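> sequence plus predicted model, see below.
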Amino acid sequence: MNKITSIFLMLFVVLIANAQLQEEGFGDTSIPTGWTETNTTGCTWQYGYTGSMPSSGSPAASFPSGAAFFDDNVCGSLSQDRTTLTGPSIDLTGVTNAEIEVIYNLQVFGDKGEFIVEVFDGTSWKQVYFQDSDTPRHTGLNESQTIDVSNYVNNTFAVRFIYDDEGVSAIGLGIDHYKLNDTTVAGIEELFNFGFEYSPNPVANVLKLKAKEDIEQIAVYNLLGQQVMEKNPSRSSVKLNMNQLSDGVYIIHVQIEDKKGSFKIIKQ
């Protein structure tokens with residue numbers, strides 16, 4: 001196996017394991033497109049903040065690539081700061097498992113200061129993470145959390161970060177990076193008993209699917225969770241023309257009788 005093929009296979013495995021759906025690094029000096037913020041007192045977030053996290057010790061934690069930073073030392077004189085930073089809505093139709101990754105630094109004062117993560121489940125906001133203690137000091141590092149949000153995926157999913165100083169002049173919160181990943185296992189194990197096969201992968205134009213029984217449904221989704229194709233062939237052999245789709249990674253959902261499976265392919 002040559003080096004190029006090896007690299008390609010490794011990249012493909014990474015894509016299969018963890019498809020990125022949404023990401024924000026807060027590196028620009030203005031609020032990112034599609035994001036909104038609110039605050040009870042009118043004090044605002046700083047974007048593209050590249051300084052150190054106050055009171056994070058020595059060495060101090062920092063945000064060299066930029067962060068969304070709420071400095072409660074500055075805003076604390078206003079008191080009662082409860083601020084939200086809400087991401088754009090995303091359609092997660094077709095995604096069965098998802099997780100949030102967030103890198104941040106929270107510093108509290110006198111046990112006051114909270115970091116809360118909520119997600120919108122299509123009807124209401126649900127709390128999925130809560131912290132009211134310091135990110136470990138004297139490490140020079142920020143904190144990273146991975147949060148399973150599989151139970152909340154829907155066609156209007158969104159994430160919301162909340163900082164609450166609990167009515168005192170606390171320290172603040174810096175959010176360095178955020179990702180939303182599709183962690184759906186790219187498996188077709190339930191379809192193996194039907195002799196299900198597909199090829200080629202990568203595909204240029206036509207994806208061939210076959211089984212011993214009729215393939216009832218095929219649905220194709222992009223990595224934004226948007227359905228871009230659907231077929232109900234009711235045949236055991238299907239040729240799926242993907243020529244009109246842009247190059248990239250797609251999630252293919254297949255149903256045979258009452259069994260369902262999903263896998264990912266690269267269109268190139």
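The structure has been received and is ready for your questions.

> can you pull the contacts of Glu197?
209-211 (CB atoms under 8 Å, 6 or more residues apart in numbering). Heads up, the C-betas are built off the backbone N, CA and C, glycines and all.

> typo on my end, Lys260
Per CB under 8 Å, 6+ apart, neighbours of Lys260: 190-191, 253-254.

> and for the residue nearest the centre of the chain, nearest residue in space, chain neighbours not counted?
Central residue of the chain (CA atoms, centre = their mean): Leu180, 0.4 Å from the mean position. In space, and not counting its chain neighbours, Leu180 is closest to Gln22: 3.9 Å by CB to CB, 6 or more residues apart in numbering.

> sec struct for that neighbour, please.
When classified by DSSP: H, G, I helix; E, B strand; the rest coil, Gln22 comes out as strand.

> for the contacts of Glu197, which one is nearest Ser79?
Checking the contacts of Glu197 against Ser79 by CB to CB gives Leu209 as the nearest, at 61.6 Å.

> so how far is Ala60 from the residue of the chain most remote from its centre?
Distance from the C-alpha centroid of the chain peaks at Lys212, with 36.6 Å (CA atoms, centre = their mean). If you measure Lys212 against Ala60 using CB to CB, to the nearest Å, the figure is 63 Å.

> thinking again about what came up before, I'd guessed the residue nearest to Leu180 sits against Ser89; true?
No - under the criterion of CB atoms under 8 Å, Gln22 is not in contact with Ser89, lying 10.0 Å apart.

> between those two, who's got more neighbours?
More neighbours surround Gln22 than the other of Gln22 and Ser89, with 22 against 14 (other CB atoms under 10 Å).

> next, find the distance separating that one from Glu213.
Distance, Gln22 to Glu213, by CB to CB: 37 Å.

> so how far is stretch 49-64 off the chain centroid?
25 Å (CA atoms, centre = their mean, to the nearest Å).

> tell me, how many residues neighbour the nearest residue to Pro32 once chain neighbours are set aside?
Sequence neighbours aside, Glu24 is the residue nearest to Pro32 in space, at 5.4 Å (criterion: CB to CB, 6+ apart). By other CB under 10 Å, 21 other residues sit near Glu24.

> quick check: Glu24 vs Gly87, distance?
Going from Glu24 to Gly87 by CB to CB gives 7 Å.

> give me the common contacts of the two.
35, 178.

> what's the helix or strand for the residue nearest to the centre of the chain?
Taking DSSP states H and E as the criterion, Leu180 maps to strand 172-182.
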